[in-house]
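S.K.: how would this look folded up:
(one chain, ligands or ions: 1)
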Amino acid sequence: MRLSHSLIPTLKETPAEAQIASHRLMLRAGLVRQTSAGIYAWLPIGYRVLRNIERIVREEQDAAGAQECLMPTIQPAELWRESGRYDDYGKEMLRIRDRHERELLYGPTNEEMITDLMRQSAKSYRELPQILYHIQWKFRDEVRPRFGVMRGREFLMKDAYSFDLDYAGAVVSYRKMMLAYMRTFQRLGLKAIPMAAESGPIGGNLSHEFIILAPTGESQVYYDSAFEEIDYLARGADGFRHDDASDLERFFTEMTTHYAATDEKHDKAAWEKVAPPRRREGRGIEVGHIFYFGTKYSAAMGFGVAGPDGKQVHPEMGSYGIGVSRLVGAVIEAGHDEAGIIWPDAIAPFRAAILNLKRGDAACDRICEALYAKLGAAALYDDREERAGVKFADADLMGHPWQIVVGPRGAASGRVELKRRATGERHEIAVDDVPARIA
Ligand code: P5A
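M.R.: Presented below is the predicted three-dimensional model:
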């Protein structure tokens, strides 16, 4: 993309409404703009990041054997009357009437709809287990939308739903998703701790939140410092298989041996057993939440399948959410400095920015155009008529992993400066070596 012809409205000033770093930086780097309270438009570079996160989430769901589908955002009220949640959900639910006075709602989650879809077709235990997921916009009319995309009213969620014949099967599905989540967060460069959590309005009795430690987080958390010492990132990824129940049990045990809980689930007696020097209290951002809730929806909505003995059984269910749009903010909270964002390579909007320090200089223009042609979609070419200082500041602000700085002195001898955003290291190298170095 050429910066001169892009909707990337970077701001020098800090927007007054933004209270936390990620919100400030998302506005300043031109990732998003608020269109109504808690509702955001994703501008080109913000949308690239959102799609990159979505891709990683999708790949890990697929690897765990979950099937992707896409349910609508608008749902009929009747489904929610069947489960009893239409009234329970209260003011957070956006209720809509169509021209025929039919009651609709903008979905805050999809347990009812997926249960309805399964009950229309699954008739036998032989069709189970199954896990379905989609990545779709949700609406919750939060009383206090804040911190930008972190607590929005419209937000993008990956929500998965598991159906099993019995409790033992449901536990396997639950652990499978937990493993997929640890891998997902690892690939996003985040250290997410699974913490015992209250299951809230989704219901059920086994639930974990995935928390990223950050002083600006909205959740109060308690955990054993073992989570800081142990390299959970490496463990989550390696050595455990999705398709082996005993492997999944070992994984689950490792993840839940040490004390880690959110405020609602904080168990004073269990906390006292953690050696005092290892006790940690802090704030965290909830980037994911998983629930086992048994037959709550299948029973309420009359979804049964024929069991092995021919008798009808209500499938055991679970649901598993990841805050995809919230993750954009969470990744920035975890990776930034005074100058701006520092994207992990895996989700950066562009691998590199090409900074043309002297437009109109024949050698600079030629080298920049050649690099841009070669790198294609991986590069953002800053071809604006701007001072070098502005280009440096914007590149740091936008946080591209690499900056390729093309100035007249080096260009004359076919050399450019390569800067790594995360470390600040700079090297002068030959133009021809650039693609391999940043690959
Ligand atoms: C699980 C999937 C559920 O809704 N039903 C389907 C279950 N869980 S949840 O915890 O309520 O939400 C899942 C994740 O979505 C993110 N999230 C939000 N992100 C931005 N703004 C919001 N207002 C918001 N509310 C929830 C969180 O990451 C949460 O873990």
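
S.K.: From here on, just use CA atoms for contacts and neighbour counts.
M.R.: OK.

S.K.: Next one: residue 195 from residue 274, what distance?
M.R.: Per Cα to Cα, to the nearest Å, residue 195 is found 15 Å from residue 274.

S.K.: who's more crowded, those two?
M.R.: Just comparing residue 195 and residue 274: by other Cα atoms under 10 Å the higher neighbour count belongs to residue 195, 25 against 16.

S.K.: any idea how far the helix or strand containing that one is from the chain center?
M.R.: Using DSSP states H and E, residue 195 maps to strand 192-196. From the chain centre to the centre of strand 192-196 is a distance of 15 Å (Cα atoms, centre = their mean, to the nearest Å).

S.K.: do the same with stretch 68-85
M.R.: On the basis of Cα atoms, centre = their mean, stretch 68-85 sits 23 Å off its chain's mean C-alpha point.

S.K.: do that stretch and the ligand meet?
M.R.: No: using Cα under 6 Å from any ligand atom, stretch 68-85 stays clear of the ligand, coming no nearer than 12.3 Å.

S.K.: wait, is residue 394 part of a helix?
M.R.: Yes: Residue 394 sits within a helix when classified using DSSP: H, G, I helix; E, B strand; the rest coil.

S.K.: For it, give me its contacts.
M.R.: Neighbouring residues of residue 394 by Cα atoms under 8 Å, 6 or more residues apart in numbering: 10, 29.

S.K.: any idea how far it is from the ligand?
M.R.: 27 Å (Cα to the nearest ligand atom, to the nearest Å).

S.K.: what's the answer for residue 432, then?
M.R.: Applying Cα to the nearest ligand atom, the value for residue 432 to the ligand is 43 Å.

S.K.: Tell me how many other residues crowd that residue.
M.R.: Counted with other Cα under 10 Å, residues neighbouring residue 432 total 14.

S.K.: Model confidence for it, exactly?
M.R.: pLDDT recorded at residue 432 is 97.

S.K.: what about it, distance to residue 426?
M.R.: Counting by Cα to Cα - residue 432 and residue 426 are separated by 17 Å.

S.K.: before we move on, what about residue 93?
M.R.: Distance from residue 93 to residue 426, by Cα to Cα: 51 Å.

S.K.: Also residue 64?
M.R.: 40 Å.

S.K.: what about those two, which has more around it?
M.R.: Using other Cα under 10 Å, the more surrounded residue of residue 64 and residue 426 is residue 64, with 19 against 15.

S.K.: Was I right to think that one contacts residue 178?
M.R.: No: Residue 64 is not in contact with residue 178 according to Cα atoms under 8 Å; the separation is 10.0 Å.

S.K.: tally of neighbours for residue 290?
M.R.: 28.

S.K.: Quick check: it is in a helix.
M.R.: No: counting by three-state DSSP, residue 290 falls outside a helix, being strand.

S.K.: Just say helix, strand or coil for the closest residue to it other than its chain neighbours.
M.R.: With sequence-adjacent residues excluded and distances taken as Cα to Cα, 6 or more residues apart in numbering, residue 290 is closest to residue 320, at 4.2 Å. The local conformation at residue 320, judged by three-state DSSP, is strand.

S.K.: bridging residues for residue 320?
M.R.: Under the criterion DSSP bridges, residue 320 forms beta bridges with residue 160, residue 290.

S.K.: got the contact list for it?
M.R.: Neighbours of residue 320 in contact, by Cα under 8 Å, 6+ apart: 158-161, 177, 288-291.

S.K.: please redo it, this time with the cut-off set to 10 Å
M.R.: 133, 157-162, 174, 177-178, 181, 207-209, 288-292 (Cα atoms under 10 Å, 6 or more residues apart in numbering).

S.K.: For the stretch 51-200 of the chain, give me the ranges with low pLDDT.
M.R.: Low-confidence regions of the stretch 51-200 of the chain, defined by pLDDT under 70, span residues 200.

S.K.: from it, which residue is nearest to the ligand?
M.R.: Nearest residue of the stretch 51-200 of the chain to the ligand: residue 151, at 3.6 Å (Cα to the nearest ligand atom).

S.K.: and the nearest residue to that residue once chain neighbours are set aside, what is it in contact with?
M.R.: Excluding the flanking residues, the one nearest residue 151 by Cα to Cα, 6+ apart is residue 145, at 5.3 Å. The contact partners of residue 145, taken as Cα under 10 Å, 6+ apart, are 37-39, 151-154.

S.K.: Can you spell out which helices and strands pack onto the one helix or strand residue 112 maps to?
M.R.: In this assignment (DSSP H and E), residue 112 forms part of helix 111-121. Packing contacts for helix 111-121, counted by 3 or more Cα pairs under 10 Å, 6 or more residues apart in numbering; DSSP states H and E, involve strand 74-76, helix 77-83, strand 130-139, strand 154-164, helix 296-300, strand 316-323.

S.K.: which of those sits most buried?
M.R.: strand 316-323 (a mean of 25; mean count of other Cα atoms under 10 Å).

S.K.: got the residues of the stretch 201-350 of the chain near the ligand?
M.R.: So the stretch 201-350 of the chain meets the ligand at 286-290, 319-323, 326 (Cα under 6 Å from any ligand atom).

S.K.: Widest-spaced pair of those residues?
M.R.: Spanning the widest gap among these are 319 and 326, at 18.2 Å by Cα to Cα.

S.K.: ok, now how distant is residue 341 from residue 349?
M.R.: Remark: distance between residue 341 and residue 349 (Cα to Cα) = 11 Å.

S.K.: hey, what's in contact with both of the two?
M.R.: Applying Cα under 10 Å, 6+ apart, one finds that residue 341 and residue 349 are jointly contacted by 398-401.

S.K.: out of these, which are inside helices?
M.R.: Using DSSP state H, the members of the shared contacts of residue 341 and residue 349 that fall in helices are residue 398.

S.K.: quick one: which of the shared contacts of residue 341 and residue 349 is nearest residue 266?
M.R.: Top of the list for closeness to residue 266, among those and by Cα to Cα, is residue 399 at 37.3 Å.

S.K.: mind listing what that closest one touches?
M.R.: Counting by Cα under 10 Å, 6+ apart, residue 399 makes contact with 29, 332, 335-337, 339-344, 348-353, 393, 420-422.

S.K.: Would you write a ChimeraX line that selects the buried entries of these?
M.R.: Of those, the buried ones go into a single ChimeraX selection, burial set by 16 or more other Cα atoms under 10 Å:
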select :29,332,335,336,340,341,342,343,344,348,349,350,351,352,353,420,421,422
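
S.K.: In strands only, show me the contacts of residue 399.
M.R.: By the criterion of DSSP state E, membership of those in strands covers 336-337, 340-341, 352-353, 420.
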